[in-house]
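In: Provided below are the primary sequence and the corresponding predicted coordinates.
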Amino acid sequence: LEGVLGLSTAQVEQAVHELQALLREREEDTPARGGSSGRGDADRDGGTDRDADEGEGGRRLGRVRLGAKSVSPLQEVYVRLHSLLHQARMLPIGVQPSTPHDGISDVWGIERGGAPVRLLIERFLDRVGPVLPDAARCLEWGRHYSQTSLKDVCNCGVGTEGRCPTSWSIEYGDCEEGWYAGQQKVCADVTKLSSVMPADDEGFDVIICTQVLEHVADPWGAMREMFKALVPGGQLVLTIPFMEQYHEAAGQFRDYWRWTHVGARKMLEDVGFQVDRLETAGSSLTATAAQLGFGIDDLDVGAVLEGSVGDYTGTGDSDWGVHEPQYQGVHVLASRPLDADPA
């Protein structure tokens, strides 16, 4: 244990005691299940239930179906531990503040260095930044990446004295709908962007839309409005989720959608965009980590980034197969063709 996991026997024993206590508490809070045998679904589908552990006085703390297909003791330990953690309400490990859940901690998970998806997004922006124009007129929800990863693109770099003279933000919900040129801010539902955009406005060179579209009830409508808001030849930097936990903010936004890379291409091309770069982001490591609530500090960054990009830029409906079926999101660089009108 010390050599492989970096944990001492005493630490493992302490973890076992904590798990026993949580399972006892869970069992006290849960009414007895119906049925004469009390053995649940595992018996009906051919599985075998055995006592996962026994506490003081031989008290049963949980039931775990033995994995009939486990090929090693280590695999069986993983299967049993996964079930026990669920019974003890310890999954997901990291609990998002906006998600009602009785997990073990509100700070062990995405707060430990941030969500893994953010690392993948930052690396994607590092790759596309060099092909975007410098000192572009940018529009972003907030101004996070305009001032960080894409600061040179959005004219927020050295020499601007802390200002971003060509960077605009879009907000919704906390401000009165309108076009605020003096503040370089748009207050509008993204599906109605053109209704507040002045007729004589030339449009934006770059629109940055990261992890926003899943919260829009009409994503096709949002894509059409972003298409209109771009100058001919303008570019859209888009990141959208595939395997992510449900997340919302009460009274502010819901969580409606998820996309595969195939679905993302269809949505963009339906509207009239040209897909210049299409990537899947993440792997089974990051996808499962996200579902379990891990943060970046719980993972090896090198392992996170290794094999984390699937390039589908040149593929289409006639191409089948996938680089990694368990990916976390889809990252796209798309452009409005010079001679195209919105579909």
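Out: That came in fine, so what should we check first? Numbers count the residues shown, from 1 in each chain.
In: Which of the three states applies to Ile121?
Out: With DSSP: H, G, I helix; E, B strand; the rest coil as the basis, the three-state label of Ile121 is helix.
In: Please list all residues in contact with it.
Out: For Ile121, the contacting residues are Thr210, Gln211, Thr239, Ala281, Gly329, His331, by CB atoms under 8 Å, 6 or more residues apart in numbering. The C-beta positions use only the backbone N, C-alpha and C, and glycine is treated the same way.
In: and the gap between Arg80 and Trp259?
Out: 35 Å (CB to CB, to the nearest Å).
In: where exactly do the strands run in the stretch 1-150 of the chain?
Out: 49-51, 63-65, 138-141 (DSSP state E, counting those that start in this stretch).
In: Which secondary structure elements does the helix or strand just after the longest one sit against?
Out: The one in question is strand 138-141. Next helix or strand after strand 138-141 toward the C-terminus (DSSP states H and E): strand 167-171. Applying 3 or more CB pairs under 8 Å, 6 or more residues apart in numbering; DSSP states H and E, one finds that strand 167-171 contacts strand 138-141, strand 185-187.
In: Let's have these in a markdown table, adding mean neighbour count and distance to Pro337.
Out: A markdown table is the format used below for these (neighbours: other CB atoms under 10 Å; distance: least, CB to CB, whole Å):
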| stretch | mean neighbour count | distance to Pro337 |
| --- | --- | --- |
| strand 138-141 | 25 | 19 |
| strand 185-187 | 19 | 24 |
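In: can I get those in JSON lines with distance to Pro165 and mean pLDDT?
Out: Shown next, in JSON lines, are the helices and strands packed on strand 167-171 (distance: least, CB to CB, whole Å; pLDDT from 0 to 100):
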{"stretch": "strand 138-141", "distance to Pro165": "11", "mean pLDDT": "94"}
{"stretch": "strand 185-187", "distance to Pro165": "14", "mean pLDDT": "93"}
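In: which stretches of the stretch 101-250 of the chain have low pLDDT?
Out: Residues of the stretch 101-250 of the chain meeting the criterion pLDDT under 70: 101-111, 158-162, 250.
In: again, only using 50
Out: Applying pLDDT under 50 to the stretch 101-250 of the chain flags residues 103, 107-108.
In: Give me the pLDDT for Thr76.
Out: Quick fix: residue 76 reads Glu, not Thr. In this model, Glu76 is scored at 81, pLDDT.
In: Could you find the closest non-adjacent residue to it?
Out: Leaving aside its sequence neighbours, Glu76 sits nearest to Ser70 (CB to CB, 6 or more residues apart in numbering; 4.1 Å).
In: Against Tyr78, how distant is the one you found?
Out: Ser70 is 8 Å from Tyr78, by CB to CB.
In: what's the nearest residue to the residue nearest in space to the middle of the chain if we skip its chain neighbours?
Out: Using CA atoms, centre = their mean, the residue of the chain that lies closest to the mean C-alpha position is Glu244, 4.4 Å off. Among residues not flanking Glu244 along the chain, Ala290 sits closest, at 5.9 Å (CB to CB, 6+ apart).
In: neighbouring contacts of the helix or strand hosting the one you found?
Out: Taking DSSP H and E as the definition, Ala290 sits inside helix 284-292. With contact meaning CB under 8 Å, 6+ apart, helix 284-292 is reached by 91-94, 115-117, 120, 242-245, 282, 298-299, 303-304, 308, 324, 326-328.
In: How far off centre is the very next helix or strand once past it?
Out: Sequence-wise, the next helix or strand downstream of helix 284-292 (DSSP H and E) is helix 301-305. Mean-position distance between helix 301-305 and its chain equals 16 Å (CA atoms, centre = their mean, to the nearest Å).
In: and helix 301-305, what other elements does it pack with?
Out: helix 116-128, helix 284-292.
In: Only the buried residues of stretch 130-144, if you could.
Out: Residues of stretch 130-144 classed as buried: Leu132, Ala135, Ala136, Arg137, Cys138, Leu139, Glu140, Trp141, Arg143 (neighbour count, 16 or more other CB atoms under 10 Å).
In: So which residues make contact with it?
Out: 146, 150, 152-156, 164, 166-171, 186, 203-210, 212, 229, 235, 237, 333.
In: List the pairing partners of the biggest strand by length in the chain within its sheet, with orientation.
Out: Counting residues, the longest strand found in the chain (DSSP state E) is strand 230-241. Strand 230-241 pairs in its sheet with strand 204-210 (parallel), strand 329-335 (antiparallel), by DSSP bridges.
In: could you check the angle helix 116-128 makes with that strand?
Out: On the basis of axes from the mean of the first three to the mean of the last three CA atoms, to 10 degrees, strand 230-241 is oriented at 150 degrees to helix 116-128.
In: Buried ones in strand 230-241, by neighbour count?
Out: Leu230, Val231, Gly234, Gln235, Leu236, Val237, Leu238, Thr239, Ile240, Pro241.
In: for the residues you listed, which one is nearest Glu27?
Out: Pro241 (35.4 Å; CB to CB).
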